[in-house]
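Peer 1: need a structure here:
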Amino acid sequence: MTGRLAGRRIEGPRLERRLIGLGVTGSIAAYKAVELLRLLQAEGADVAVMLSPSATQFVGPLSFAALSRHPVETDLLELTADGRIGHIVVGDSADAILVAPATAHFLGAMASGLASDVVTATCLATRAPVIVAPAMDGDMWTHPATVRNVTRLREDGDIIVEPESGSLASGQSGVGRLADLPRIVDAVVAAVADRPIRAPDPAARPPLVGPARDADLAGRHIVVTVGGTREAIDPVRFIGNRSTGRMGVAVAEAALARGARVTVLAASVEVPLPAAASVVRVGSTAELRAALLRTTHAADGSAGFDALVMAAAVADFRPVQASERKLERGGRLILELEPTPDLLAEVGRIAHGLDSEGAPTRESLRPRPLIVGFAAETGSLDRAAEKLRRKGADLLVANDVTEPGSGFGTETNRVSILAANGSRDDLPLLSKREVADRLLDRLAIALDERDAGVQTGRTSEPSPEPA
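Peer 2: Alright, predicted model coming up:
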């Protein structure tokens, strides 16, 4: 590859062996960041991506993760699989941090030294050069506050690749359009040209993620429940649990990466939901049940999904009577609780055509979908096999939430996958994304076998054996 720098002709990739941190903020120009990543890679760069919360509303992390082969940083508290703080690893090892597009909000936060998200935090935590390519409405770019912020960033040593004139998202034309991508790449090259490589050892850089999987779920509809349900005590208080939704979101993202159409039934979550999924928000167990029942049948009466992954932590109890007004603070409060419906067991019965007593009194779903449950246990997984049988699931993913690295909110998980045929696969401690892919490996094979059986007239149940 041939590049140009300061009028000199340079042969070969100009960013070879360099690590570039690419920060993306919430501008409509965020979609250009995918192509910018490719251009950086074409120059030989290794690229790690950070997305601000507003950026995830424009672009999802899946494309960036698949192209960069690194985890995409979206959360200040997110850890790598080996327990390091993700955005700090990027800040410590990157040869340069590029923020493109950069919003007016980002410029103001950086000028004031406010680490409000992973992009600003990484920029403040690095000694590498920071290159900023703003993109915004023309009047925002020329506003005195923005001008002051840009001036201050320049005084602090940041490199500003000024926006260009052109059509803007507002429909107007003016200065504010993200600079041409090759011009931005040239600025990165210039910033690192005379500097040594900061972290030549790959172990010091952000970890690599596995290669993209085959699209073995193309044409499949996967429904994933995520997060924790909340049962109202009064209008401001509730009974809940510690679920963050990370495991369920990992399953949804992995299914999307393998070509599936994904519906996410999202209770309370603390992580971004995949933008490419169809998302249905729910609060209580009753709302989740209603959403599930709406998905069980398609318009033509066939099964509404190929597989259901019940990763949500559903509250086991709810108040018998929720107060319509906020309860006054006073003495002791005694709540009378009742069990919530067992949603996994109910959907399992519907799939098999069974009534509440377990009798075959209705048509089973056709083609019969695969049902996956999750069981968060403490201290032992001895009850998991009985739960699997009782709930009528095909697979049960069980973990001990008291084990280090395997509880709520962690980036890793150690699970056992139990199958209805009695098999059990005990996995080592893995990233939640890898756990999701191990699970989907089995589902993809089982669904192919199911469909092959339908075509040949064989009516045996799908059997998700270990791959």
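Peer 1: right, and R177 touches A133 too?
Peer 2: No: R177 lies out of contact with A133 (CB atoms under 8 Å); the separation is 10.6 Å. (Glycine included, C-beta is placed from N, CA and C.)
Peer 1: so what's in contact with these two at the same time?
Peer 2: P163 (CB atoms under 8 Å, 6 or more residues apart in numbering).
Peer 1: more crowded one of these two?
Peer 2: Set R177 next to A133 and count neighbours by other CB atoms under 10 Å: A133 wins out with 27 against 21.
Peer 1: tell me the secondary structure for the more buried one?
Peer 2: strand (DSSP: H, G, I helix; E, B strand; the rest coil).
Peer 1: and the pLDDT for it?
Peer 2: If you check A133, the pLDDT there is 97.
Peer 1: same check on P274?
Peer 2: So P274 comes in at 91 (pLDDT).
Peer 1: what about it, how many residues nearby?
Peer 2: Count around P274 with other CB under 10 Å applied: 24.
Peer 1: what do you get for G409?
Peer 2: The number of residues packed near G409 is 13, by other CB under 10 Å.
Peer 1: neighbours of N149, just the number please.
Peer 2: Applying other CB under 10 Å, we find 21 residues neighbouring N149.
Peer 1: er, L76 I mean
Peer 2: 16.
Peer 1: check H143 too.
Peer 2: Neighbours of H143 (other CB under 10 Å): 14.
Peer 1: so what's the spatially closest residue to it that is not a sequence neighbour up against?
Peer 2: Nearest residue to H143 in three dimensions, chain neighbours excluded: A104, at 7.7 Å (CB to CB, 6 or more residues apart in numbering). A104 sits next to P134, M136, M140, W141, H143, A145, T146, N149 when contact means CB under 8 Å, 6+ apart.
Peer 1: redo that, cut-off 10 Å
Peer 2: Taking CB atoms under 10 Å, 6 or more residues apart in numbering, we find A104 in contact with 25, 27, 134-137, 140-141, 143, 145-146, 149-150, 176.
Peer 1: and those residues, which are buried?
Peer 2: Listed as buried from those are T25, S27, P134, A135, M136, D137, M140, W141, T146, N149, V150, G176; burial here means 16 or more other CB atoms under 10 Å.
Peer 1: from these, which single one is nearest S380?
Peer 2: Checking the buried ones among the contacts of A104 against S380 by CB to CB gives T25 as the nearest, at 46.0 Å.
Peer 1: report the contact partners of M110.
Peer 2: Counting by CB under 10 Å, 6+ apart, M110 touches 99, 102, 116, 119-120, 123-124, 130, 132, 149-150, 152-153, 156, 158.
Peer 1: and the buried ones among the contacts of A104, which of them are in strands?
Peer 2: Judged by DSSP state E, strands contain the following of the buried ones among the contacts of A104: P134, G176.
Peer 1: tell me the least confident of the buried ones among the contacts of A104?
Peer 2: G176 (83).
Peer 1: what's the local residue count around E324?
Peer 2: E324: 8 neighbours (other CB under 10 Å).
Peer 1: can you give me the helices in the stretch 151-300 of the chain?
Peer 2: Counting by DSSP state H, counting those that start in this stretch, the segments of the stretch 151-300 of the chain that form helices are 181-192, 246-257, 285-295.
Peer 1: among the contacts of M110, name the buried ones.
Peer 2: For the contacts of M110, a burial check counting by 16+ other CB under 10 Å picks out 99, 102, 116, 119-120, 123, 130, 132, 149-150, 152-153, 158.
Peer 1: wait, P272 sits on L62?
Peer 2: No: counting by CB atoms under 10 Å, P272 sits too far from L62 to count as a contact (11.2 Å).
Peer 1: find residues that contact each of those two.
Peer 2: In terms of CB under 10 Å, 6+ apart, P272 and L62 are both contacted by the residues V72, E253.
Peer 1: nearest to S302, of the buried ones among the contacts of A104?
Peer 2: Distance to S302 across the buried ones among the contacts of A104 (CB to CB) is lowest for S27, with 42.4 Å.
Peer 1: the closest residue in space to that closest one that isn't next to it in sequence: neighbouring residues, count only.
Peer 2: Counting by CB to CB, 6+ apart, P101 is the residue found nearest to S27 once chain neighbours are left out, at 3.9 Å. Residue neighbour count, defined by other CB under 10 Å, stands at 29 for P101.
Peer 1: so which strand or helix has P101?
Peer 2: strand 96-102 (DSSP states H and E).
Peer 1: what ranges does the stretch 351-467 of the chain have for its helices?
Peer 2: 384-391, 432-456.
Peer 1: and the longest one, what's buried?
Peer 2: Counting neighbours by 16+ other CB under 10 Å, one finds that the buried residues in helix 432-456 are 432-447, 449-450, 453.
Peer 1: what's the answer for stretch 261-276, then?
Peer 2: Of all the residues in stretch 261-276, those buried under the rule 16+ other CB under 10 Å are 261-274.
Peer 1: chain center to that stretch, what's the gap?
Peer 2: Distance of stretch 261-276 from its chain centroid, counting by CA atoms, centre = their mean, to the nearest Å, is 8 Å.
Peer 1: and L256, how many residues sit next to it?
Peer 2: Neighbour number of L256 under other CB under 10 Å is 21.
Peer 1: now do the same contact list for it.
Peer 2: G60, L62, L217, I222, V224, V262, V264, P274, A275, A276, A277.
Peer 1: quick check: the fourth one vs A260, distance?
Peer 2: Read that as I222. 5 Å (CB to CB, to the nearest Å).
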